[in-house]
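S.K.: Based on what follows, work out the 3D shape:
(2 chains)
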Number of protein chains: 2
Amino acid sequence: MTGVLVSWNDGAAKRAIVEFVERIVSDVPVEERVAVFDNDGTLWCEKPMPIQADFILSRLFEMAEADPELRERQPWKAAHERDHAWLGAVIAEHYAGDDTKVRTLLGGVLAAFAGITVDEFEAKSDEFLRTVRHPILGRGYLECSYVPMVELLGYLDANGFSNYIASGGGRDFMRPISQEVYAIPRERVIGSASTLEYVSNGNGGTITHKPEADYLDDGGQKPIRIWSRIGRRPVLAAGNSNGDIPMLEFTRHRDRPFLPLLLLHDDADREFAYTDGAGRQSGKPTRTAGPS
Amino acid sequence: MTGVLVSWNDGAAKRAIVEFVERIVSDVPVEERVAVFDNDGTLWCEKPMPIQADFILSRLFEMAEADPELRERQPWKAAHERDHAWLGAVIAEHYAGDDTKVRTLLGGVLAAFAGITVDEFEAKSDEFLRTVRHPILGRGYLECSYVPMVELLGYLDANGFSNYIASGGGRDFMRPISQEVYAIPRERVIGSASTLEYVSNGNGGTITHKPEADYLDDGGQKPIRIWSRIGRRPVLAAGNSNGDIPMLEFTRHRDRPFLPLLLLHDDADREFAYTDGAGRQSGKPTRTAGPS
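M.R.: Below is the predicted model:
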């Protein structure tokens, strides 16, 4: 175990990973070595709010600055007043099973990027991620990935794994930086998406965002999107919240090793200690339908 | 040009491809060398009907055998009576812009695989493709790919391209054989899909087909699905019908070489000569919305 996962403590988790990887390398063909990772709270920091939430709030703030009427309507009102209580309640109520505020927020989010081309969206995301600093940790957002997890990605890659992101966050939000931060190429980024529209214009055509969610890549949708994209059942999945449980379950193979990894946030000194959104038990049968 | 594309005639098409590939290799980084291929009529034979249509008709026939009431309803009636006129009209009317029969057929198709797991679907598809013979060409379906196109895939691959299928056919229908026939791995197969459902069962979960189309990967939907899957604008696209025009247009780059390839079926001796479904001109602005 010398020289691998150097920032990990020598303990059960590291031992389980190394033993698993050795078994996979010996027993499983390269093309079946698929590993999937949640992003927010698994590969990078999601407190005090997911990085994409900050991105969206910036955009809503900008819209409310330009249009005073929006300042009277949620979610623009909260964004403009920097009302963190309202925004925190969105997440808290979502985890408690009430998505009323989520829908209000989502309405704003969808309006925020309606009609924007995928290239414009990418440029906005790229610029945001490269310039804005984390509000508490005092560093740029691109320096908010977790060193041990980036080491794990590298260790898997060196052993023939294909690493994918399978995030509730926006696919096209993460793509501009996934190669640089995680060495995960953009075609291996799975995430939530808006409905898109293709407009032929005699000059290559454009793809634009419609104000309509296509799907939220969370919960039971994660295995569906993983299957749709990859066409294989992963042998390793890593997550940190209730929404990752189906993806963790989905690693189970009958005939080969598999490893679900659950990340616990207990490092209040260097990050944030929390378990909210991670209280549910696995194993209870559930059913999720959604577009493939 | 010696030793490459050996089954191609020495002519303008071959010359254009070789010159294009040489420019790409010299100017474009490997990760941007994305090539997308329609499947039916571009990589393999689609006459007298698309191979997947035969697969679906076999399933409808089987259902009608088991349930006499279905024999009075389309599309089971046509499948059971082997009514090729009705089935031919589906395609002809579709190309003429009337999708009434397409919807009837699609209703049957969706019912045909409702509730089947993705693993069961794959086993059915795999078995069909490996055992059924082409009704006219006198060979197994897996021997119905076009030699010059398979050579082209190999030539591109040898030059650092990533080849993808972007087909109107079913993604999960093609996946079991794409590696063997085209050396295209299953995660690079883009195609039409039904809506899927994830059911957690304490044993790895299952993904099943719902009787509902998620999207038909044709026309303006092709650039959308290509973007969603890959996150890049391809530099090469190959197709043979109206439904491929947006994908061909979508190759246009401002700052690097690009090559749209249109395949003309004019070899009645070894294949079929036809231009139906390929009469539309490119360049007319159109608009297509759909899930990403």
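S.K.: helices and strands of chain A: which one has the lowest mean pLDDT?
M.R.: None of the helices or strands of chain A scores lower by mean pLDDT, DSSP states H and E than strand A:287-290, at a mean of 56.
S.K.: how would you label the residue sitting nearest the centre point of chain A: helix, strand or coil?
M.R.: The centre of chain A sits closest to A:Ser167, judged by CA atoms, centre = their mean, with a distance of 3.0 Å. Look at A:Ser167: counting by DSSP: H, G, I helix; E, B strand; the rest coil, its state is strand.
S.K.: mind checking pLDDT for it?
M.R.: Looking at A:Ser167, its pLDDT stands at 97.
S.K.: B:Glu65 versus that one, what's the distance?
M.R.: Look at A:Ser167 and B:Glu65: by CB to CB, to the nearest Å, they are 46 Å apart. Heads up, the C-betas are built off the backbone N, CA and C, glycines and all.
S.K.: Same question for A:Met174.
M.R.: Counting by CB to CB - A:Met174 and B:Glu65 are separated by 49 Å.
S.K.: Please apply the same query to A:Val102.
M.R.: With CB to CB as the criterion, A:Val102 and B:Glu65 are 48 Å apart.
S.K.: Equivalent analysis for A:Arg252, please.
M.R.: Remark: distance between A:Arg252 and B:Glu65 (CB to CB) = 36 Å.
S.K.: So which of these two has more stuff around it?
M.R.: With neighbours defined as other CB atoms under 10 Å in any protein chain shown, A:Arg252 and B:Glu65 compare such that A:Arg252 has more, 16 against 13.
S.K.: wouldn't the more buried one be in contact with B:Thr206 here?
M.R.: No - judged on CB atoms under 8 Å, A:Arg252 makes no contact with B:Thr206 at a distance of 10.9 Å.
S.K.: can you list the residues of the stretch 101-250 of chain A near chain B?
M.R.: Counting by CB under 8 Å from any CB of the partner chain, the stretch 101-250 of chain A comes close to chain B at A:118, A:171-172, A:175, A:185-187, A:189, A:193-205, A:207, A:210, A:214-215, A:220-221, A:223-224, A:227-233, A:245-246, A:249-250.
S.K.: among the residues you listed, which ones are buried?
M.R.: A:118, A:171-172, A:175, A:185-187, A:189, A:193-200, A:205, A:207, A:210, A:214-215, A:220-221, A:223-224, A:227-233, A:245-246, A:249-250 (16 or more other CB atoms under 10 Å in any protein chain shown).
S.K.: Give me the subset of these lying in strands.
M.R.: Within these, residues falling in strands by DSSP state E are A:Val189, A:Ala193, A:Ser194, A:Thr195, A:Leu196, A:Glu197, A:Tyr198, A:Val199, A:Ile207, A:Lys210, A:Asp214, A:Tyr215.
S.K.: Leaving out chain neighbours, which residue sits closest to the residue nearest to the centre of chain A?
M.R.: A:Asn39 (3.7 Å; CB to CB, 6 or more residues apart in numbering or on different chains).
S.K.: For chain B, see how far away that neighbour is.
M.R.: 15 Å (CB to the nearest CB, to the nearest Å).
S.K.: Surely A:Ile24 is in a strand?
M.R.: No - A:Ile24 is assigned helix when assessed by three-state DSSP, not a strand.
S.K.: Run a quick neighbour tally on it.
M.R.: A:Ile24: 24 neighbours (other CB under 10 Å).
S.K.: Ok, the one 10 residues further on next?
M.R.: Counted by other CB under 10 Å, the residues lying close to A:Val34 total 23.
S.K.: List the beta-bridge partners for it.
M.R.: A:Ser162 (DSSP bridges).
S.K.: Go ahead and confirm it touches A:Gly160.
M.R.: No - counting by CB under 8 Å, A:Val34 sits too far from A:Gly160 to count as a contact (10.6 Å).
S.K.: Name the SS class of the residue of chain A positioned farthest from its centre, please.
M.R.: The outermost residue of chain A relative to its centre, with distances by CA atoms, centre = their mean, is A:Gly202 at 35.4 Å. Of the three states, A:Gly202 takes coil under three-state DSSP.
S.K.: where along the stretch 1-150 of chain A do the strands fall?
M.R.: For the stretch 1-150 of chain A, strands defined by DSSP state E, counting those that start in this stretch occupy the ranges A:34-37.
S.K.: Low-confidence ranges, chain A, go.
M.R.: Counting by pLDDT under 70, the ranges of chain A that qualify are A:1-2, A:281-292.
S.K.: for it, what spans make up the helices?
M.R.: According to DSSP state H, chain A carries its helices in the segments A:12-27, A:51-66, A:76-81, A:84-95, A:100-112, A:118-131, A:147-158, A:171-182, A:221-230, A:245-249.
S.K.: okay, these in JSON lines with distance to B:Gly279 next?
M.R.: Listed next are those as JSON lines, based on distance: least, CB to CB, whole Å:
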{"stretch": "helix A:12-27", "distance to B:Gly279": "52"}
{"stretch": "helix A:51-66", "distance to B:Gly279": "44"}
{"stretch": "helix A:76-81", "distance to B:Gly279": "49"}
{"stretch": "helix A:84-95", "distance to B:Gly279": "51"}
{"stretch": "helix A:100-112", "distance to B:Gly279": "38"}
{"stretch": "helix A:118-131", "distance to B:Gly279": "30"}
{"stretch": "helix A:147-158", "distance to B:Gly279": "48"}
{"stretch": "helix A:171-182", "distance to B:Gly279": "35"}
{"stretch": "helix A:221-230", "distance to B:Gly279": "33"}
{"stretch": "helix A:245-249", "distance to B:Gly279": "46"}
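S.K.: Those: which one's closest to B:Asp126?
M.R.: helix A:221-230 (16.3 Å; CB to CB).
S.K.: Could you list every helix and strand that the closest one packs against?
M.R.: Counting contacts by 3 or more CB pairs under 8 Å, 6 or more residues apart in numbering or on different chains; DSSP states H and E, helix A:221-230 packs against strand A:34-37, strand A:162-170, strand A:189-199, helix A:245-249, strand A:287-290, strand B:189-199, strand B:206-215.
S.K.: rerun that using 7 Å as the cut-off
M.R.: Applying 3 or more CB pairs under 7 Å, 6 or more residues apart in numbering or on different chains; DSSP states H and E, we find helix A:221-230 packed against strand A:162-170, strand A:189-199, helix A:245-249, strand A:287-290, strand B:189-199, strand B:206-215.
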